[in-house]
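1. just the structure for this:
(chains A and B, ligands or ions: 1)
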Amino acid sequence: MNINNVKSEFPILQEKLKGKPLIYLDSANSAQKPKSVIDRISKFYKKEFSNIGRSVHKLAVTATNRFEETRDLVKKYLNAKSREEIIFTKNATEAINLVASSYGEKFIQRGDEILLTELEHHANYVPWHFLREKKGAIIKFAKCNDKGEVEIDEIKKLITSKTKIIAVTHLSNVTGAILPIKKIVDLAKSKKIPVVVDGCQGAPHLPLDVQELGCDFYAISCHKMYGPTGVGILYAKKKWTDILPPYQGGGGMIEEVKKESITFPKSPTKFEAGTLQTAEVVGFSESIKFIENIGIKNIMEHEKKITEYGIEKLKRNNSVKIIGEPKDRGSIISFTIKGIHPHDIATILDDDGVAIRAGHHCCQIFHEKIGVAATARASIGIYNDKDDIDMLCKAIDNCKKIFKI
Amino acid sequence: MELKELYQEIILDHGKNPRNKGRCNEFNSDAEGYNPLCGDKVHIYLKVGKNKEVQDSSFEGEGCAISLASASILTEIIKGRDYNVAKKIIEDFLNMIKNEAKITINSLSDEQKTTLMSLSGVKQFPMRVKCATMAWHTFDSALEGKK
Ligand SMILES: Cc1ncc(COP(=O)(O)O)c(C=O)c1O
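-> Got it, this is the predicted structure:
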């Protein structure tokens, strides 16, 4: 598939809002879904649905197979070593909570240190905060520099003999900085510290090979990868899935239940309690096919081109200030406009059909650091083109007109 | 059209040059409001008299044009009012935003009513309603001595 024809694959992008075409620049928040994903879910419900793994009837067998085939696809896409390393969750948030809870339960004691960065999304801070409260652990934040990057030295500085886990974002959802994950993992490995990567923004936009990255855990939200809501993935190295305790308890995740004791099966079953989001997981298989069909390298190249065009064009507007200037960056452009609050920007842009996000983007630590409560953010996905950026800039001019700037 | 109703001249003016910004002298009651969705903050300061009349009122805060304008208009219109009148204005305003009701209270001049009504444009923008109402709820808390 040619990336320039991709827009037509997304039904919602053919819709008009109040007579205006939708210019969707909020993919970092959640991405739109191609027709193939929507159709797959619909077909699954129409022809194949049943609960998985529990009954012996034909439908249950088919549904289970489709579900597990998706796990295989994910395993291959991430280049994980085994299917036991691919755990389905409801989103990246749950994936990180799983690690914080199960790893924390077993390995974190009073006074132990958890190392995060100032760029983390609340999803990669709050679960660790719970652990801090519960276990009396300490959280340290590696500093981000004024370009909105986290340098390896800032992480190195904070590692002590008490550091028990490092949890970092792959790609910042505010500044767009791509963190040096490989270097962080190498450094951590030399000290035997496991690394959790929040891959929410990395997975949809960067080539992924968990063996090459070397991290211990990688968390993904499928809805940001052009997939359904309600599906997340936790990649966890087998060495961890073997020894970590289950996260939630319930049906499906047990081996044998007696009045005195319960035993648990191997991963991934051990970590997947209750009825799962069957149709959505099956639907996600089409997202992976969609991405592979276009090619992640082509996607990256395309998004880079559009992002660079956007940054350059916005920079020419002297009321616009771009937040963060990382050397290695993804397709996220956060900005402010002098004299106009981001919420007013977002409302006015919306009137022109341009959907962006405004707020702290669940990164209050970072916003507090730079001393602004909120920023506006345009994020670029597979389907955006230069015309979208032109519309964004036109809508920004309209903002300035309304506010007489 | 709707956008023009939201960003009326009067709102842009109050948003850019909010009145009563800062802490008023001798304030003896205050309250804070916070919108966790967007991080907007407002802090209302009041000087209330023996009979809870609003002798002075001001605010500090960060936020969008709508929330600043709302706090600015609020503190201006309620300053100097008796307790009962202040409560009625707050009630009328919140009623207008939530239930499309008209401003009925007769202790306001036509110009003041128009000013208040300029904020009713938020009704078309459900995500922005809280921007307009937060200062009013916070003011009410301060007036009632609730933190
Ligand atoms: C970097 C990052 N981490 C975590 C999340 C949380 O994702 P979800 O809400 O899908 O779990 C997001 C999405 O908002 C994100 O951008």
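2. for the nearest residue to residue B:71 once chain neighbours are set aside, give me phi and psi.
-> Closest residue to residue B:71 apart from its sequence neighbours, by Cβ to Cβ, 6 or more residues apart in numbering or on different chains: residue B:135 at 3.8 Å. To be clear about C-beta, it is placed using only N, CA and C from the backbone, and glycine gets the same treatment. Main-chain dihedrals, residue B:135, degrees, to the nearest 10: phi -60, psi -40.
3. residue numbers of chain B in contact with chain A?
-> Proximity of chain B to chain A is confined to B:2-3, B:6-7, B:12, B:16, B:37-41, B:62-66, B:125, B:127-128, B:131 under the rule Cβ under 8 Å from any Cβ of the partner chain.
4. at 7 Å what do you get?
-> B:3, B:7, B:12, B:37-39, B:62-65, B:125, B:128, B:131 (Cβ under 7 Å from any Cβ of the partner chain).
5. taking the stretch 301-405 of chain A, what residue is nearest to the ligand?
-> Going by Cβ to the nearest ligand atom, the ligand is nearest to residue A:362 of the stretch 301-405 of chain A, at 5.8 Å.
6. centre-most residue in the chain?
-> You didn't say which chain, so I picked chain A. The residue lying closest to the centre of chain A (Cα atoms, centre = their mean) is residue A:200, at 1.1 Å.
7. show me where chain B has strands.
-> For chain B, strands defined by DSSP state E occupy the ranges B:29-35, B:40-48, B:54-62.
8. kindly report the residues of chain A close to the ligand.
-> Chain A has residues A:28, A:91-93, A:121, A:123-124, A:169, A:173, A:198, A:200-201, A:221, A:362 near the ligand, with proximity defined as Cβ under 6 Å from any ligand atom.
9. filter these down to the buried ones and hand me the ChimeraX line.
-> Burial among the residues of chain A next to the ligand is assessed by 16 or more other Cβ atoms under 10 Å in any protein chain shown; the matching ChimeraX selection reads:
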select /A:28,91,92,93,121,123,124,169,173,198,200,201,221,362
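10. thinking again about what came up before, so what's the residue nearest to the centre of chain A up against?
-> Applying Cβ atoms under 7 Å, 6 or more residues apart in numbering or on different chains to residue A:200 gives the contacts A:92, A:121, A:173, A:219, A:220, A:221, A:224.
11. which ones among those are found in helices?
-> Taking DSSP state H as the definition of helices, the contacts of residue A:200 contribute residue A:92.
12. restricted to strands, list the contacts of residue A:200.
-> A:219, A:220, A:221.
13. distance to residue A:141 added to those residues, as CSV?
-> Output for the ones in strands among the contacts of residue A:200, formatted as CSV (distance: Cβ to Cβ, whole Å):
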residue, distance to residue A:141
A:219, 19
A:220, 23
A:221, 23
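14. which one of those residues is nearest the ligand?
-> Distance to the ligand, by Cβ to the nearest ligand atom, is smallest for residue A:221 among the ones in strands among the contacts of residue A:200, at 3.3 Å.
15. for the stretch 101-250 of chain A, which segments count as helices?
-> Secondary structure of the stretch 101-250 of chain A, counting by DSSP state H, counting those that start in this stretch: helices at A:126-135, A:152-158, A:181-190, A:210-213, A:238-241.
16. give the other helices and strands that the third one contacts.
-> By that I understand helix A:181-190. When contacts are defined as 3 or more Cβ pairs under 7 Å, 6 or more residues apart in numbering or on different chains; DSSP states H and E, helix A:181-190 packs onto helix A:152-158, strand A:163-169, strand A:195-198, helix A:210-213.
17. can I get the CA coordinates of it in PDB?
-> In PDB, the C-alpha atoms belonging to helix A:181-190 read as follows (Å, rounded to 0.1, in the frame of the first residue of the first chain):
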ATOM      1  CA  ILE A 181      16.600   3.100  25.200                       C
ATOM      2  CA  LYS A 182      19.400   0.900  24.100                       C
ATOM      3  CA  LYS A 183      22.000   2.900  26.000                       C
ATOM      4  CA  ILE A 184      19.700   2.900  29.100                       C
ATOM      5  CA  VAL A 185      19.300  -0.800  28.900                       C
ATOM      6  CA  ASP A 186      23.000  -1.400  28.400                       C
ATOM      7  CA  LEU A 187      23.800   0.700  31.400                       C
ATOM      8  CA  ALA A 188      21.000  -0.900  33.500                       C
ATOM      9  CA  LYS A 189      22.200  -4.400  32.500                       C
ATOM     10  CA  SER A 190      25.600  -3.700  33.800                       C
END
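18. buried set for that helix?
-> Buried-residue list, helix A:181-190, by 16+ other Cβ under 10 Å: A:181, A:184, A:185, A:187, A:188.
19. circling back: closest to the ligand out of the strands of chain B?
-> Comparison of those against the ligand by Cβ to the nearest ligand atom identifies strand B:29-35 as nearest, at 18.6 Å.
20. ok, the closest residue to residue A:222 other than its chain neighbours - how many residues close by?
-> Nearest residue to residue A:222, sequence neighbours excluded (Cβ to Cβ, 6+ apart): residue A:231, at 4.0 Å. Other residues lying near residue A:231 total 25 when counted by other Cβ atoms under 10 Å in any protein chain shown.
21. name the nearest residue to the residue nearest to the centre of chain A, ignoring sequence neighbours.
-> residue A:92 (4.7 Å).
22. shaky segments in chain B?
-> Residue ranges of chain B with pLDDT under 70: B:1, B:147.
23. of all residues in it, which one is closest to the ligand?
-> residue B:37 (14.0 Å).
24. I'd like the distance between that residue and residue A:25.
-> According to Cβ to Cβ, to the nearest Å, residue B:37 stands 20 Å off from residue A:25.
25. same deal with residue A:117?
-> Residue A:117 is 25 Å from residue A:25, by Cβ to Cβ.
26. ditto for residue A:185
-> Counting by Cβ to Cβ - residue A:185 and residue A:25 are separated by 32 Å.
27. ok, now which ones touch residue A:275?
-> So residue A:275 contacts residue A:51 (Cβ under 7 Å, 6+ apart).
28. any idea how far it lies from the ligand?
-> 20 Å (Cβ to the nearest ligand atom, to the nearest Å).
29. for that residue, phi and psi?
-> phi -70, psi 130.
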